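1. how would this look folded up:
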Amino acid sequence: MRIALALAAVVALASPSQAEVRWQLDCQPGRVGTVVANGLEGNGTYAWCTFTVTNKNGRDVPLSLGVWAETDVAGRTYRGTLDPVVKDAVERRTGKQYKTLTEARATPLADGASIDVFVSFGKVDPSVDVFNVHILGLADRVYRDRGKVVVEDKAFVLTITRPGDEFSRQQDLLRVRSTKWVVLAPAKELKKA
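-> Residues are numbered from 1 along each chain as shown. Next up is the predicted model:
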C-alpha cells in the first residue's frame with residue numbers, strides 16, 4: 001500500500017500538468033565581417049553577421065527572432081536589420097544563401113531542421129571595437145512550471161571583436177570571441193489579470 005502511494009505521488013509530480021518542457025533552440029555563430037557598400041545608410045563600411053539556428057526539441061517551434069548589438073562605445077547600439085545591398089554582397093562573397101529575420105519568422109522551424117540567418121547592423125562607427133550581439137527568441141519566454149505561468153527573457157550573446165585602430169576600418173577583420181546565454185529579465189510568475 002505504501003509503495004502504491006509513493007508511486008502515485010511520483011507520477012503526480014512528473015505529470016505534464018505540473019511542468020511543461022521549455023523549448024530552447026541551438027544557435028551557432030557563422031561568418032561575421034564588414035563590407036564596403038552603398039547601402040541604405042549611404043556609402044560606408046557595414047557590419048554583418050550570420051548564425052545557424054537548429055531545432056532539436058522534438059516538435060515544431062515558431063520563430064520570433066530579434067537581434068540588436070551593444071558596443072564598447074557609450075550610447076552606441078545597433079539594431080539588426082536587413083540591408084539588401086549588404087546581403088547581396090555577403091552572399092556573393094560567401095557563395096551561400098541566407099534567410100532574413102523576416103523570412104526566418106515566416107514559418108515554424110520543424111524538428112531537426114536548421115536555418116541560416118543573415119543580419120546587417122548598418123554603417124559602423126570607426127571607434128567601435130566590440131559588438132555584443134543579442135539574439136532574442138531562441139528560448140521559450142513564457143512557460144509553465146508546477147502550475148504557474150512563468151516569464152523569463154533570455155538572449156544568446158555573440159561577442160564580436162574588431163582589433164585595430166580607427167583607421168582603414170574596412171580592412172579590419174571581425175572575430176567571434178565568445179558566446180553565452182544571458183538572462184535579460186529574471187524569471188517571474190505571470191499573474192492573472
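2. Helix or strand for Lys188, just tell me which one.
-> strand 175-189 (DSSP states H and E).
3. typo on my end, Glu91
-> Of the helices and strands defined by DSSP H and E, Glu91 is found in helix 84-94.
4. got any ranges where this structure has weak pLDDT?
-> 1-21, 164-172, 193 (pLDDT under 70).
5. Break down the protein into its strands, ranges please.
-> 26-39, 42-54, 66-71, 77-79, 114-123, 130-136, 142-145, 148-161, 175-189 (DSSP state E).
6. right, so of these, which gets closest to Thr102?
-> strand 114-123 (10.4 Å; Cβ to Cβ). (C-beta placed from N, C-alpha, C; glycine too.)
7. need the strands of the chain in CSV with distance to Pro108 and mean neighbour count, can you?
-> Shown next, in CSV, are the strands of the chain (distance: least, Cβ to Cβ, whole Å; neighbours: other Cβ atoms under 10 Å):
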stretch, distance to Pro108, mean neighbour count
strand 26-39, 16, 18
strand 42-54, 12, 19
strand 66-71, 17, 19
strand 77-79, 24, 15
strand 114-123, 11, 22
strand 130-136, 17, 21
strand 142-145, 16, 15
strand 148-161, 19, 18
strand 175-189, 22, 12
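8. now the angle from the strand holding Lys188 to strand 42-54?
-> 60 degrees (axes from the mean of the first three to the mean of the last three Cα atoms, to 10 degrees).
9. Return the residues in contact with Trp23.
-> 57, 59, 61, 139-140 (Cβ atoms under 8 Å, 6 or more residues apart in numbering).
10. Which of those are buried? Put it as a ChimeraX command.
-> Here is the ChimeraX selection string for the buried members of these, based on 16 or more other Cβ atoms under 10 Å:
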select :57,61,139,140
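11. Now the two most distant members of the contacts of Trp23.
-> Maximum distance among the contacts of Trp23 (Cβ to Cβ): 14.6 Å, for Arg59 and Ala139.
12. export stretch 152-162 as PDB, just CAs?
-> Presented in PDB, the C-alpha positions along stretch 152-162 are these (Å, rounded to 0.1, in the frame of the first residue of the first chain):
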ATOM      1  CA  GLU A 152      11.800  34.900 -18.400                       C
ATOM      2  CA  ASP A 153      13.700  36.700 -21.100                       C
ATOM      3  CA  LYS A 154      17.000  35.100 -22.300                       C
ATOM      4  CA  ALA A 155      19.300  36.100 -25.100                       C
ATOM      5  CA  PHE A 156      22.100  34.200 -26.800                       C
ATOM      6  CA  VAL A 157      25.000  36.700 -27.000                       C
ATOM      7  CA  LEU A 158      27.900  36.600 -29.500                       C
ATOM      8  CA  THR A 159      30.800  38.800 -28.500                       C
ATOM      9  CA  ILE A 160      32.400  40.000 -31.700                       C
ATOM     10  CA  THR A 161      35.700  41.900 -31.700                       C
ATOM     11  CA  ARG A 162      37.300  44.200 -34.200                       C
END
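13. Cool, thanks, talk later.
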